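1. The following comprises the amino acid sequence and a computationally predicted model.
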Amino acid sequence: MAYAIPAPPTAVIPVLGGAPFPVRRIYCVGRNYAAHAREMGHDPDREEPFFFMKPTDAIVGNGAEIPYPPMTSDLHHEIELVVALARGGSDIPVESALDCVFGYAVGLDMTRRDLQGAAKKLGRPWDFGKGFDNAAPCAAITPAAKTGHPGAWAIWLEVNGKLRQKSDLSKLIWNIPETIAYLSRYMTLAPGDIIFSGTPEGVAAVGRGDRLLGHVDGLEDLEVSYV
Ligand code: MN
């Protein structure tokens, strides 16, 4: 196929022990841990899940030295489990939702919190707060065939060797199959879609020179730094 301009590259995430995973769409769950919902000033008990998206070219890989992004003075880390889909569909039942999963990875939903906060106040979209360049650091995917599906896996983030966020995946308000099923009622999911599943409490600012180390049990750690 000849195009009018050179075709943009397909975003990919490395896979441990296999060929890279091509990314079609990036979905992110908003508030999905009760303690984080509370720290952001919300009541977790009455909320349906909600979603936003990031562009696929926001993905950066393990070991990246990431330029501190422009137009913010309050860049925040959000450590998250990332779910990568090998199959999709619409109206996927909760009972079979895990059959869609290819594997799991450790990701960071980086957030320009000041821009997100201003957008919330004005009822405007979150894109500039969430969907900017390099906003989706992601370590390699471990296939579910190797790791199984999440139980009470620990999830934590250290910044410069100090613990900032710590929880476990049993504390997700909407677990992985429920999240896939819910999302598939609104959007047709497809192979290559990934889902950032939400962050636990402890989100805070990141500055130039900071080194971030993210962990989820059973998966490759994610390490990036800001310059
Ligand atoms: Mn998030």
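-> Received, thanks. Residues are numbered from 1 along each chain as shown.
2. need the residues of the chain near the ion, please.
-> Contact residues (C-beta under 5 Å from the ion) of the chain with the ion: 78, 109, 199. In this view, the C-beta of every residue, glycine as well, is placed from N, C-alpha and C.
3. Give me the subset of these lying in helices.
-> Of the positions in the residues of the chain next to the ion, not one sits in helices, assigned by DSSP state H.
4. Neighbour count for the residues you listed - can I get that in CSV?
-> Listed next are those as CSV, based on neighbours: other C-beta atoms under 10 Å:
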residue, neighbour count
78, 23
109, 26
199, 29
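5. Nearest spatial neighbour of residue 87, chain-adjacent residues omitted?
-> In space, and not counting its chain neighbours, residue 87 is closest to residue 100: 4.4 Å by C-beta to C-beta, 6 or more residues apart in numbering.
6. With residue 67 instead?
-> residue 227 (6.0 Å).
7. With adjacent residues omitted, what lies nearest to the closest residue to the ion within the chain?
-> At 3.4 Å from the ion, residue 109 is the closest residue in the chain, using C-beta to the ion. Leaving aside its sequence neighbours, residue 109 sits nearest to residue 78 (C-beta to C-beta, 6+ apart; 4.0 Å).
8. same question, residue 156
-> For residue 156, the spatially nearest residue (C-beta to C-beta, 6+ apart) is residue 166, at 4.2 Å.
9. thought the one you found was touching residue 199?
-> No - using C-beta atoms under 8 Å, residue 166 is not in contact with residue 199, being 11.4 Å away.
10. what lines up beside the helix or strand that residue 163 is a member of in the sheet?
-> According to DSSP states H and E, residue 163 maps onto strand 162-168. Within its sheet, strand 162-168 is paired with strand 154-159 (antiparallel), according to DSSP bridges.
11. Output the partner strand in CSV, but only the C-alpha positions, please.
-> Output of strand 154-159 as CSV, limited to C-alpha atoms (Å, rounded to 0.1, in the frame of the first residue of the first chain):
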residue,chain,number,x,y,z
ALA,A,154,1.1,-6.8,45.4
ILE,A,155,1.4,-3.6,43.4
TRP,A,156,3.8,-0.9,44.5
LEU,A,157,5.9,2.1,43.3
GLU,A,158,9.1,3.5,44.6
VAL,A,159,10.5,6.9,43.7
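12. pLDDT on that strand, on average?
-> The predicted model gives strand 154-159 an average pLDDT of 98.
13. any idea of the pLDDT on residue 35?
-> Looking at residue 35, its pLDDT is 87.
14. Quick check: it is in a helix.
-> Yes - judged by DSSP: H, G, I helix; E, B strand; the rest coil, residue 35 forms part of a helix.
15. Give the burial count for it, as a bare number.
-> Using other C-beta atoms under 10 Å, residue 35 is surrounded by 12 other residues.
16. Enumerate every residue touching it.
-> 167, 171, 200-201 (C-beta atoms under 8 Å, 6 or more residues apart in numbering).
17. redo that, cut-off 7 Å
-> If you count contacts by C-beta atoms under 7 Å, 6 or more residues apart in numbering, residue 35 has them with 200-201.
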